[in-house]
Each structure stands twice: as structure tokens, then as C-alpha cells.
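Novice: Below is the structure, and that's it, no one-letter string:
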């Protein structure tokens, strides 16, 4: 690779990092000014901590939905940016889980798959099965993105309906919904009315999946 290519690549990487960091910093400062706990591991953090932020709809598949070869090439697409920065689809996570979650789809894994001793999730064959306390949060965020932006579900409708029922809305989720409305101007209706998920229909579970 020549000198010009190396410089261009470094600039692109820097721009991508700045894009994500700006969103993540605003998200933590606005929604967690007193600190909080990460979604999957329930690890406490302070507002000034260097914490990772994970979107339930990953950047790569979101970019693919808009016909971009990478998320970096989609940064000029206003619809991509709006969805990527929608607070209802974002959660604070540990850097460890961010790496495990990367490129993995949400799904159910059998009991014989090892459970992470610290956080309670399972991961195998590009599938990430969240701990029980986070499944409802994931389901309601995914269903929100699917309905609001007409995105294909990353997983089956049946699975998210079941997760929504098995892990009911808690007080922290209600607090987030209230705070997001203040900054973003809209609410997640699946948190306000979890029964809304049961009313959703799909032609078949496979048709609701994203390749």
C-alpha cells in the first residue's frame, strides 16, 4: 500500500471513530448523567466512564439494508444516520460484550451451550443469546425499529414476541423511555404497551428474518 493509501485509510478510520464516539458520548451524557448499569452484564458505570454503546441493529446489516458496502460508506445517508442514532435502539454495554456481539445475530441457543459466568449470555455459531433479564429489552427495541423504520427483523417475530413476554418491562426501561422522549421527542410504544407485540403478524417466521 502506498503512502497516499495509508493516509486515506487512516483518515477514514478516524472519521468513522469520531462519528461513533460523538453519538455514544451524547447518549451516555444525556440518558445516564448519574451513571447506570450495562444491559447484558448489569455492570455499574459512571457517566464519565469510557463505556461502549451497542445498537441492537448492527451497523453492517443496517448499511446493507440501504445498499451500502459498509457502514462508513453509509454515513452520508440521512436515513441510515437517523436509525443509527435513534436512542431507542442503543444500550450501554461492556467492551467485552460489544466484541462478542459484533456480527452475531440474536437467537435462542440450547442449554448445552456454555453460559458466560459473568454476564449470563450464550454465544455460538454467530448467534448471541442474551441473558434472561435483557431479552425483553432487546425484543422491544428491535420491534420498535422494525415498525418505525420498516427494517427487516434480525431474527424471527415469534422469538421476539416470546422474549417480550418472558422478560417484562421494568422500571429502568420505563425511565429510559421517558428520558428518550425528552431528547428525541418520541417513545417506544412496545414499552408503553407490551401487548402491542402480540398483535404483530408475519406471513411466516422465515420471511421476518434478515439474511
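Specialist: Looks like it came in fine. These figures come from a predicted structure and were not determined experimentally.

Novice: Show me where the chain has its strands.
Specialist: Per DSSP state E, the chain carries strands over the ranges 36-37, 44-45, 52-55, 90-93, 105-106, 122-124, 127-129.

Novice: Tell me which of the ones you listed is the most buried.
Specialist: Scoring these by mean neighbour count under mean count of other CB atoms under 10 Å gives strand 90-93 as the most buried, with a mean of 23. Every C-beta, even on glycine, is put in place using the N, C-alpha and C of the backbone.

Novice: Show residues contacting that one.
Specialist: Here strand 90-93 makes contact (CB atoms under 8 Å, 6 or more residues apart in numbering) with 23, 27-28, 32, 36-41, 45, 51-56, 101, 137, 141.

Novice: follow-up on the earlier one: nearest to residue 76, out of the strands of the chain?
Specialist: Smallest distance to residue 76 across these (CB to CB): 18.5 Å, for strand 52-55.

Novice: Output the contacting helices and strands for that closest one.
Specialist: Counting contacts by 3 or more CB pairs under 8 Å, 6 or more residues apart in numbering; DSSP states H and E, strand 52-55 packs against helix 3-31, strand 90-93, helix 95-101.

Novice: worst average pLDDT in those?
Specialist: Ranked by mean pLDDT, these end with helix 3-31 in last place, scoring a mean of 60.

Novice: who wins for proximity to residue 73 among the strands of the chain?
Specialist: Proximity to residue 73, assessed across the strands of the chain by CB to CB, is greatest for strand 52-55 (17.3 Å).

Novice: The closest one pairs with which strands?
Specialist: strand 90-93 (antiparallel) (DSSP bridges).

Novice: ok, residue 168 - how many residues close by?
Specialist: Neighbour count for residue 168, taken as other CB atoms under 10 Å: 9.

Novice: residues contacting it?
Specialist: 136, 194.

Novice: Give me the pLDDT value at the one residue sitting closest to the centre of the chain.
Specialist: A centroid search over the chain (CA atoms, centre = their mean) returns residue 56, at 1.8 Å, as the residue closest to the centre. If you check residue 56, the pLDDT there is 96.

Novice: And the nearest residue to it once chain neighbours are set aside, how far from residue 70?
Specialist: Spatial nearest neighbour of residue 56, excluding adjacent residues (CB to CB, 6 or more residues apart in numbering): residue 141 at 4.6 Å. Residue 141 is 23 Å from residue 70, where distance means CB to CB, to the nearest Å.

Novice: Next: residue 150.
Specialist: Taken as CB to CB, the span from residue 150 to residue 70 is 22 Å.

Novice: And residue 29, by the same measure?
Specialist: Distance from residue 29 to residue 70, by CB to CB: 28 Å.

Novice: Verify the contact between the residue nearest to residue 56 and residue 189 for me.
Specialist: No - using CB atoms under 8 Å, residue 141 is not in contact with residue 189, being 11.9 Å away.

Novice: So which of the two has more stuff around it?
Specialist: For the pair residue 141 and residue 189, the greater number of neighbours falls to residue 141 (26 against 16), based on other CB under 10 Å.

Novice: How about the contacts made by the closest residue to residue 133 other than its chain neighbours?
Specialist: Nearest non-adjacent residue to residue 133, counting by CB to CB, 6+ apart: residue 167, 6.4 Å away. Applying CB under 8 Å, 6+ apart to residue 167 gives the contacts 132, 133, 134, 135, 136, 137, 139.
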